[in-house]
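Engineer: Below is the structure, and that's it, no one-letter string:
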């Protein structure tokens, strides 16, 4: 955040591009540095749902909301505005560095032929990801060795996803599964769950976090045996416990889930 | 955070216990919900270094600072104070749910014979972990499938650590390695690095983040071939790229590191 170049800087003529993570949605779970960057922005770019979470904005701030699945277009627009002198903020949910917009911005920078894009003052600010938010409400399922995998095969062959799932199950890691299912990929989470069921015992604890930190937040604690893939959609993060992940019954019902440090 | 029971609540007589993550240290990277919990606490418990990062505190707040490696003692003290009516906050660096205090608190709760401990209003608030903070400064090395592993064998056999490292290397995940080395375990990171060198090409990108978000923050970008285990200590988080992790040279020197989404 130091040495930020502003749109008014005559020596450079270039603006700035800050990629920020809103966290799960709750303002109490958004970093102050992110709120500051949003307040200082001349232009805010993002998927419409996240723009709505990030706002409201000042009348002088330009808001560029777009549909999902146009990450690279958003990243290019951000560099175009920044090279023209704007203070641009690209909003992501969660952490922009975890299955989100920071990667798209760097992909675009890596492939540009415009040297001005490389001179833009680029910063990335982290945030709390969906798995962390769900874990905190559930207890501490990510308290020991874990992995974070995307189940989307839009950009990765399904065979590779299955190969990775088998290896991390063998490694006995806790699994945090992102992008588990979508309308375009209705059957994949069921296939992944079937694969995991073949490799982990039926009593393995599973945590489903849907819309964590947003209105209607839903946390479900179940087991691999009882898991119904229909409970899972694109807004759900799935945490599958390791062989060590345990539950503690709570006196008023429900339970805490955690993964002990000792093995 | 809803329905928080205060020390003054006559109906219950029990206080509350909130486990919070300070993030890397920089106040801009600490969640507002965490700052609120700290301000409302009657008692703050933690490792001395993290207490110093969390303060200053009000003269009416009781601060219980302890040395490292007494996690379970701190957790028991927290339940004792909370059952006596205090509003206790246990501070962790990073995210308390990732190799930190939330697990110790739940381990203690799981094994207590005191039913009052189960009735304490317990909450866990997440935070930005060291690997996320280092990743944001480096670019987006955690932008695709990754794992987080602790290299400490205080509570896990070294053979199990090596087995996991081999499997996650085979899965081609990005590796975020916590607790890589300590005075008591000076040789383990070198052994882990040698194992990884046997499984990944020498040009694999490695990011070392030391004291991220604190005074003296140091980010080093190197390769597996050039990595010197002496560069790494207990305050370092190590991110080892996958076969896809790339670097983008920056016009003023240095580079961005990211892992593309497509495979």
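Structural biologist: Yep, that arrived. As the structure is a computational prediction, the values presented were derived from the model and not from experiment.
Engineer: so who does residue A:199 touch?
Structural biologist: Going by CB atoms under 8 Å, 6 or more residues apart in numbering or on different chains, residue A:199 touches A:166, A:169, A:170. Using the backbone N, CA and C atoms, a C-beta is placed for each residue, glycine as well.
Engineer: Doesn't it lie inside a helix?
Structural biologist: No. According to DSSP: H, G, I helix; E, B strand; the rest coil, residue A:199 belongs to no helix; its state is coil.
Engineer: What sits closest to residue A:122 if chain neighbours are left out?
Structural biologist: Among residues not flanking residue A:122 along the chain, residue A:17 sits closest, at 5.0 Å (CB to CB, 6 or more residues apart in numbering or on different chains).
Engineer: Just to check, the one you found is in contact with residue A:119?
Structural biologist: No. Residue A:17 lies out of contact with residue A:119 (CB atoms under 8 Å); the separation is 11.0 Å.
Engineer: between these two, who's got more neighbours?
Structural biologist: Neighbours were counted for residue A:17 and for residue A:119 using other CB atoms under 10 Å in any protein chain shown; residue A:17 has more, 26 against 17.
Engineer: Work out for me the element the more buried one sits within.
Structural biologist: With elements taken from DSSP states H and E, the one containing residue A:17 is strand A:16-21.
Engineer: ok, now residue A:136?
Structural biologist: In this assignment (DSSP H and E), residue A:136 forms part of helix A:130-138.
Engineer: what's downstream of that helix, the next helix or strand?
Structural biologist: Of the helices and strands lying after helix A:130-138 in sequence (DSSP H and E), the nearest is strand A:139-140.
Engineer: Please name every helix or strand in contact with that following strand.
Structural biologist: Strand A:139-140 sits against strand A:255-258, helix B:101-111, with contacts defined as 3 or more CB pairs under 8 Å, 6 or more residues apart in numbering or on different chains; DSSP states H and E.
Engineer: Not counting stretch A:252-263 itself, show me its contacts.
Structural biologist: Counting by CB under 8 Å, 6+ apart, residues outside stretch A:252-263 touching it are A:138-144, A:146, A:174, A:205, A:207, A:221, A:241-242, A:244-250, B:99, B:102-104, B:106-107, B:109-110, B:122, B:150, B:155-157, B:160.
Engineer: Of those, grab the buried ones for PyMOL.
Structural biologist: To isolate the buried subset of these in PyMOL, counting by 16 or more other CB atoms under 10 Å in any protein chain shown, use the following:
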select buried, (chain A and resi 138+139+140+141+142+143+144+146+174+205+207+221+241+242+244+245+246+247+248) or (chain B and resi 99+102+103+104+106+107+109+122+150+156)
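Engineer: circling back to that earlier point, next, format the contacts of residue A:199 as a markdown table and append secondary structure.
Structural biologist: Listed next are the contacts of residue A:199 as a markdown table, based on three-state DSSP:
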| residue | secondary structure |
| --- | --- |
| A:166 | helix |
| A:169 | helix |
| A:170 | helix |
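Engineer: Buried only: go through those for me.
Structural biologist: A:166, A:169.
Engineer: quick check, nearest of the contacts of residue A:199 to chain B?
Structural biologist: Of all these, residue A:170 has the smallest distance to chain B: 5.6 Å, by CB to the nearest CB.
Engineer: Residue A:152 is in contact with residue A:184, isn't it?
Structural biologist: No. Between residue A:152 and residue A:184 there is no contact under CB under 8 Å: 9.3 Å.
Engineer: And these two? Which one has more around it.
Structural biologist: Higher neighbour count among residue A:152 and residue A:184: residue A:152, with 20 against 10, using other CB under 10 Å.
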